[in-house]
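Asker: give me a 3D structure for the following:
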Amino acid sequence: MEAIPEEILAKLAQAAQAGVDMGSPKAAVTHMLGQGEKESILYFYKPGTIEFDFDKYESAVKEMRNRNL
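Answerer: Take a look at the predicted model:
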């Protein structure tokens, strides 16, 4: 699996610090949209589709928590 970009981990950490329920991809995406983070959100979509990649999201959240960001 590819390495998760530091920028994505930082955006997830900011959402977590803001009190967003990180167990809910919808809540995290809504928060990021509110922050104007359209490009960061696209990272979580499967290439060439409009399908959200829940595994990629969960992996990124796990990595962010493991790093204690």
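Asker: what comes into contact with stretch 10-29?
Answerer: 31-32, 35, 37, 40-41, 44, 52, 54, 57, 60-61, 64-65, 69 (CB atoms under 8 Å, 6 or more residues apart in numbering). Glycine gets a C-beta too; all of them are placed from N, C-alpha and C.
Asker: could you flag which of these are buried?
Answerer: 31-32, 37, 40-41, 44, 57, 60-61, 64 (16 or more other CB atoms under 10 Å).
Asker: and the spatially most distant residue from the centre of the chain, helix, strand or coil?
Answerer: In the chain, counting by CA atoms, centre = their mean, Gly48 sits farthest out from the average C-alpha position, at 18.3 Å. Following DSSP: H, G, I helix; E, B strand; the rest coil, Gly48 is assigned to coil.
Asker: per-residue confidence for it?
Answerer: Model confidence at Gly48, given as pLDDT, is 91.
Asker: what about it, distance to Leu42?
Answerer: As for Gly48, its distance to Leu42 is 12 Å (criterion: CB to CB, to the nearest Å).
Asker: next: Ile4.
Answerer: Counting by CB to CB - Ile4 and Leu42 are separated by 14 Å.
Asker: who's more crowded, these two?
Answerer: With neighbours defined as other CB atoms under 10 Å, Ile4 and Leu42 compare such that Ile4 has more, 18 against 9.
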